[in-house]
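[1] Pasting the sequence and the predicted coordinates here, then a few questions.
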Amino acid sequence: MCGIVGALSSRPIDRSVVERMRDRLVHRGPDDAALWASEDTRVALAHTRLVIIDPSPEANQPFVSGDLVLTFNGEIYNWRDLRDELADEGVHFRTRSDTEVLVEAYRRWGDRCVERLSGMFAFALWDGSSRRLFCARDRAGEKPFYYAEIDGAFVFASELKSLLLWPGFERTLDHAALADFFAYGFVPDPKSIWAGAAKLPPGHSLAVSLPPGSRPIVAQPNRYWDFAPLADEGIRDWGDEIRSTLEAAASEMAYADVPVGTFLSGGVDSSSVTAALARAGRSVDAYTIGFADEAFDERPYARQVASLYARSHSERVVDPSDVESVFRDTIRWHYDEPFNDYSYLPTYYVCRAAREQITVALSGDGGDELFGGYGKYRRLAVRQAVDGVVSPRPARRMLAGAGAAVPAGSPWRTRLETYAKSPPEMLADMLTTGLAGNELRRVARGGLASALDAYDPRDVVREQLVHAPPREVGLVNSMRYLDLKLTLAGGILVKVDRASMAVALEVRPVYLHRDVLALAARIPPGLLADRRNTKTVLKAALRPWLPASVLDRPKMGFAMPLGRWLRGDLKQLVESVQRPDSRISEMIDPAFVRDAVAAHVNGRNAFPSLLHSLIFLEGWLETWA
């Protein structure tokens, strides 16, 4: 894994600026750092390298081959097959690296090379003959790509913190993006928290030309891949295909010239990855993080799986006394956009522990999103069944009436009211993890309040549903699409990338392998979840591999006892949002913040996610704004 930086400009580029941008990413690639600049100094590409494949200096980047220059973050899993195909066509290689294969794939197939790639990647490739930069990001958005146009220059980087160093970058908050953060817990693509910067969406490429004597011309991003559910109703038993696809994906993804292991939480997805890798004939070193609080500790389940498949199994326990320093000194630097999935803490701890022995870890990220693993998929299956029997609008009126008869505050009332909404509204509500709608408008202040006069965070969901309309693909498939484009790309994959790169560990999510994505798109939604069960078809497929105690237990998620810690060991973090001079008081009503803190600390209500969003935003503003 690596860090990439670059710029195209209408004027000569100061190398020292690009070097400083690059050096902010040294954590992503501590093994080598380099910079390439064109003869006219109007193009500069830089790179920090984490050595995974071909440790020779010849494979360092930026990689130059004739008129082509590449800076590349990620791994191409099928590089050996592509290399053989290109070699058969007469291409001669001087390295044994996926980097050179990517360069030659572009030379052979042009922009369409991305369609041939199985991997996780973000890259920029300068073609000197056409004076054109070709950029691309992988299908699921596992690797980040930020960019901005600033005063006659196009600049890009793996992380926002690098773009901040470019002269003229204006740190102006995008208050619509801030509203999205409060609603969903992250800033969704293509927005960034800064008004002048954007993210290249997953499954997209971007071309930037630099004519002689002119400023860069940036084309609109091009979608080269999309998740397109198309149920194959002809298959009754998916077990063999699911198992063989996982096994083949894990085997291909485990190739490296450095030690490889697995994350093993004790849940279905990470357990299946550990099993798949072992059954592919690989020795498995597994890594688990746990908590002293048994309600959040999955180590007993991880031990069961490790006893079946792992050569070695390492466990660590998160110590709450260490969390404050990690948050202040590590998390706030590496998560340089507001971010509210506080499972980044156990993720960081397992990455830090694993990095002591390995450089690559396979993970189970993506299994819940592709195979319907969340409780919301049960509710969507019920709603789909009701709409199939009763006309949707009368059904919604009936449920709305039933909800009105239930006492206010009851979870049943909330659930019935959700069922009564239109499909887009229901899906948006299920994705909303924080403040949204009228509640956010009620407490917003300043620029955030002004932005909400003309913006609704639910627009994020509406825009995505254009590509997966519920009336055409069904509610379950619409949510799978939204989870892939939002929950994964904006949340989970950001969490994993920043936590792992903080310690220079590469994490490869097996469920996001190209072949697993294609397989998941073919599975009928009725086999994924019903009113009682989630992830039905996947669990059935995994019964020959995993014990019932792992497959049939209630889902825990990668959670931690943050609520209790905020009343004890981490109480000082709560105090930061109540100071009279707090930065968030310019955005959120201080009385609302005080009431939320008091309700949580006094035990009247538990608001760990809300409090964390405020704590994180306050720390982020202190660090970056």
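    Now that the structure is in, tell me what you want to look at.

[2] what residue is smack in the middle of this structure?
    Taking Cα atoms, centre = their mean, the centroid of the chain lies closest to Leu493, which sits 1.8 Å from it.

[3] and the next element down the chain from the host helix or strand of that one?
    Assigned by DSSP states H and E, Leu493 belongs to helix 493-501. Next helix or strand after helix 493-501 toward the C-terminus (DSSP H and E): strand 506-509.

[4] Give me the mean pLDDT for that next one.
    Here strand 506-509 scores 98 as its mean pLDDT.

[5] what packs against that strand?
    Judged by 3 or more Cβ pairs under 8 Å, 6 or more residues apart in numbering; DSSP states H and E, the packing partners of strand 506-509 are strand 360-363, helix 493-501. Just so you know, the C-beta spots here come from the backbone N, C-alpha and C atoms, and that holds for glycine as well.

[6] Tabulate the ones you listed (a markdown table), appending mean pLDDT and distance to Pro216.
    Listed next are these as a markdown table, based on pLDDT from 0 to 100; distance: least, Cβ to Cβ, whole Å:
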| stretch | mean pLDDT | distance to Pro216 |
| --- | --- | --- |
| strand 360-363 | 98 | 35 |
| helix 493-501 | 97 | 27 |
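
[7] Any chance of TSV for the ones you listed, columns distance to Asp54?
    Below are those laid out as TSV (distance: least, Cβ to Cβ, whole Å):
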stretch	distance to Asp54
strand 360-363	14
helix 493-501	20
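
[8] Just checking, which helix or strand of this structure averages the lowest pLDDT?
    helix 392-404 (a mean of 59; mean pLDDT, DSSP states H and E).

[9] Check what pLDDT Trp109 gets.
    98.

[10] Start the count at 18 instead of 1 going forward.
    Sure, I'll start counting at 18 from here, so that last one is Trp126.

[11] Could you tell me whether it really is in a helix?
    Yes - the assignment for Trp126 is a helix, going by DSSP: H, G, I helix; E, B strand; the rest coil.

[12] Next up, the contacts around it.
    Listed by Cβ atoms under 8 Å, 6 or more residues apart in numbering, the contact set of Trp126 reads 132-133.

[13] element containing Asn637?
    You called it Asn, but residue 637 is Trp. Following DSSP H and E, one finds Trp637 within helix 625-641.

[14] can you check Ala445 too?
    helix 440-448.

[15] tell me what that helix is packed against?
    Short answer (3+ Cβ pairs under 8 Å, 6+ apart): helix 440-448 packs on helix 392-406, helix 428-436, helix 476-482, helix 487-490, helix 492-499.

[16] where among the ones you listed is the average confidence lowest?
    Note on the helices and strands packed on helix 440-448: helix 428-436 shows the lowest mean pLDDT, a mean of 64.

[17] Now for Gln589: which residues touch it?
    Residues counted as contacts of Gln589 (Cβ under 8 Å, 6+ apart) are Glu341.

[18] Tell me how far it lies from Trp637.
    Between Gln589 and Trp637 the computed distance is 17 Å (Cβ to Cβ, to the nearest Å).

[19] cool, and Ser439?
    In terms of Cβ to Cβ, Ser439 sits 34 Å off from Trp637.

[20] which one of the two has more residues nearby?
    A direct count of neighbours by other Cβ atoms under 10 Å for Ser439 and Trp637 places Trp637 higher, at 21 against 12.

[21] Hmm, that one is touching His351, no?
    No - in this structure, Trp637 is not within contact of His351 by Cβ atoms under 8 Å, at 11.4 Å.

[22] quick one, helices of the stretch 218-367 of the chain?
    Taking DSSP state H, counting those that start in this stretch as the test, the helices found in the stretch 218-367 of the chain are 256-270, 285-296, 316-326, 337-343, 349-351, 361-371.

[23] you'd agree Tyr361 is up against Tyr352?
    Yes - assessed by Cβ under 8 Å, Tyr361 is found in contact with Tyr352 at 6.8 Å.

[24] which neighbours do these two share?
    Common contacts of Tyr361 and Tyr352 (Cβ under 8 Å, 6+ apart): Arg515.

[25] May I have stretch 623-639 as CSV, with CA atoms only?
    Extracted in CSV, the C-alpha atoms of stretch 623-639 (Å, rounded to 0.1, in the frame of the first residue of the first chain):
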residue,chain,number,x,y,z
ALA,A,623,-27.4,6.6,26.1
PHE,A,624,-26.1,8.7,23.2
PRO,A,625,-22.6,7.4,22.6
SER,A,626,-22.8,7.9,18.8
LEU,A,627,-24.1,11.5,19.1
LEU,A,628,-21.6,12.4,21.7
HIS,A,629,-18.8,10.9,19.6
SER,A,630,-19.8,12.9,16.6
LEU,A,631,-19.6,16.1,18.6
ILE,A,632,-16.3,15.1,20.2
PHE,A,633,-14.8,14.1,16.9
LEU,A,634,-15.9,17.3,15.1
GLU,A,635,-14.5,19.4,17.9
GLY,A,636,-11.2,17.7,17.7
TRP,A,637,-11.2,17.8,13.9
LEU,A,638,-11.9,21.6,13.9
GLU,A,639,-9.1,22.1,16.4
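
[26] Please enumerate residues in contact with that stretch?
    For stretch 623-639, contacts defined as Cβ under 8 Å, 6+ apart pick out 198-199, 202, 344-345, 349, 352-357, 359, 450-452, 579-580, 583, 590-591, 593-594, 599-601, 604-605, 610, 613-614, 616-617.

[27] for stretch 527-538, same thing?
    Stretch 527-538 has contacts (Cβ under 8 Å, 6+ apart) with 94, 134-137, 156-157, 159, 244-247, 258-259, 262-263, 265-267, 269-270, 286, 290, 293, 379-384, 387-388, 497, 505.

[28] again, 6 Å this time
    Residues outside stretch 527-538 that contact it (Cβ atoms under 6 Å, 6 or more residues apart in numbering) are 135, 157, 246, 262, 266-267, 270, 290, 379, 383-384, 387.

[29] so which helix or strand takes in Ala51?
    strand 49-54.

[30] Could you check how far that strand is from the centre of its chain?
    Its chain's C-alpha centre and that of strand 49-54 lie 27 Å apart, by Cα atoms, centre = their mean, to the nearest Å.

[31] returning to that earlier point: run through who's touching the helix holding Leu510.
    With Cβ under 6 Å, 6+ apart, helix 510-518 has contacts from 44-45, 158-159, 351-352, 358, 361, 364-365, 368, 382, 524.

[32] Apply 8 Å and report the result again.
    Contacts of helix 510-518 (Cβ under 8 Å, 6+ apart): 18, 20, 44-45, 157-161, 176, 203, 351-352, 354, 356, 358, 360-361, 364-365, 368, 378, 380, 382, 523-524, 526.

[33] got it, and stretch 22-37?
    The contact list for stretch 22-37 (Cβ under 8 Å, 6+ apart) reads 38-39, 42, 52, 54, 57-64, 88, 141, 143, 150, 169-175, 179, 182-184, 225, 227, 231-233.
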